[in-house]
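Q: the sequence and its predicted three-dimensional model are supplied below.
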Amino acid sequence: MKRIRWFIGLVIILTLGGLVLFCPIVSILSWQSKFLARAFLWLLVSAFLCLWRILRGPTAPDRAVAIDMLGILIVGFCAILCIPTGRDWYIDIGIAWALQSFIGIMALAKYLEGKDFDE
Amino acid sequence: MNETIGIGLIVIGVLFDFLGCLGLIRFPDVYNRLQASAKCITLGTCGILLGLVFFKGFTATGIKAILCLVFIILTAPVSAHSLARSAYRSGVKPVDAVIDEYANDFKKIR
């Protein structure tokens, strides 16, 4: 049973990775932009893996860890989207998201710890 | 040349992000998952931001990317440490742990 579940997970991850690596991207952009589009899709696959851990984490700290990781992944999204679109304000969103994610995770850790905010 | 180095750094960053998420899925325990996510996220997202710096040069966007990189390097270990501490204090024990040295110190602190 455990081996069957392991196999199903491997098939899902390989399918997603193959779709990302070999899907045709039709555009008039340069080869660098197509490459960055593939990198963005690959990050999107890992974000879906994070969402899976958020959905079925056994305990609350598991979900907190996954939320932390998702927040830093979104900073990576913003940094990649900066290059092919040519819009520079995406990195501003990244900085704001990093700050907000840090404050949120600290508040969540204090809440899980069960103490007051002033130690 | 700069763009080639940037694409290489972005590929390394995306690869490390994916490996961190795979560790998040596969490891059996909160502490192992925290280790995978914290270490791989720091190199991964910092690699992507360094690639952005190589693409853009020292313009306003590149300096903002350096700012974001320094902020992530400073804050990711702090949040990982506080998450591990809160996980221990909220009662999650490590899987298959034989010796728990921190429990004695924890009682002394209380």
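A: Noted; the coordinates are in hand.
Q: what residues are up against the residue minimising distance to the centre of chain A?
A: Geometric centre of chain A, nearest residue: A:Ala47, 3.2 Å, by C-alpha atoms, centre = their mean. With contact set as C-beta atoms under 8 Å, 6 or more residues apart in numbering or on different chains, A:Ala47 has these partners: A:Leu70, A:Leu73, A:Ile74, A:Phe77, B:Cys21. For glycine as for every other residue, the C-beta is placed from the backbone atoms N, C-alpha and C.
Q: from A:Ile13, how far off is it?
A: Distance, A:Ala47 to A:Ile13, by C-beta to C-beta, to the nearest Å: 13 Å.
Q: does chain A sit close to stretch B:27-41?
A: Yes - for stretch B:27-41, a contact with chain A is found by C-beta under 8 Å from any C-beta of the partner chain, at B:Val30, B:Arg33, B:Leu34, B:Ser37, B:Ile41.
Q: model confidence for the third one, exactly?
A: Same thing as B:Leu34. Predicted confidence (pLDDT) for B:Leu34: 87.
Q: contacting residues around it?
A: B:Leu34 sits in contact with A:Val65, B:Ala80, B:Leu83, B:Ala84, B:Ala87, where contact means C-beta under 8 Å, 6+ apart.
Q: how about B:Lys64?
A: A:Ile91, A:Asp92, A:Ile95.
Q: nearest to B:Gly57, of the residues you listed?
A: A:Ile91 (13.7 Å; C-beta to C-beta).
Q: just the helices in the chain please.
A: Let's take chain A. Using DSSP state H, the helices of chain A run over residues A:2-22, A:31-55, A:60-85, A:90-113.
Q: not what I meant, chain B
A: For chain B, the helices defined by DSSP H occupy B:2-26, B:30-56, B:60-89, B:102-109.
Q: farthest pair within the contacts of B:Leu34?
A: B:Ala80 and B:Ala87 (10.5 Å).
Q: pLDDT below threshold where in chain B?
A: B:108-110 (pLDDT under 70).
Q: spatially central, which residue of it would that be?
A: Centre of chain B computed as the mean C-alpha position; nearest residue by C-alpha atoms, centre = their mean is B:Ala38, 2.5 Å away.
Q: ok, the closest residue to that residue other than its chain neighbours - contacts?
A: Spatially, and ignoring its direct neighbours in sequence, B:Ala38 is nearest to B:Ala80 (3.7 Å; C-beta to C-beta, 6 or more residues apart in numbering or on different chains). If you count contacts by C-beta under 8 Å, 6+ apart, B:Ala80 has them with A:Asp68, B:Leu34, B:Ser37, B:Ala38.
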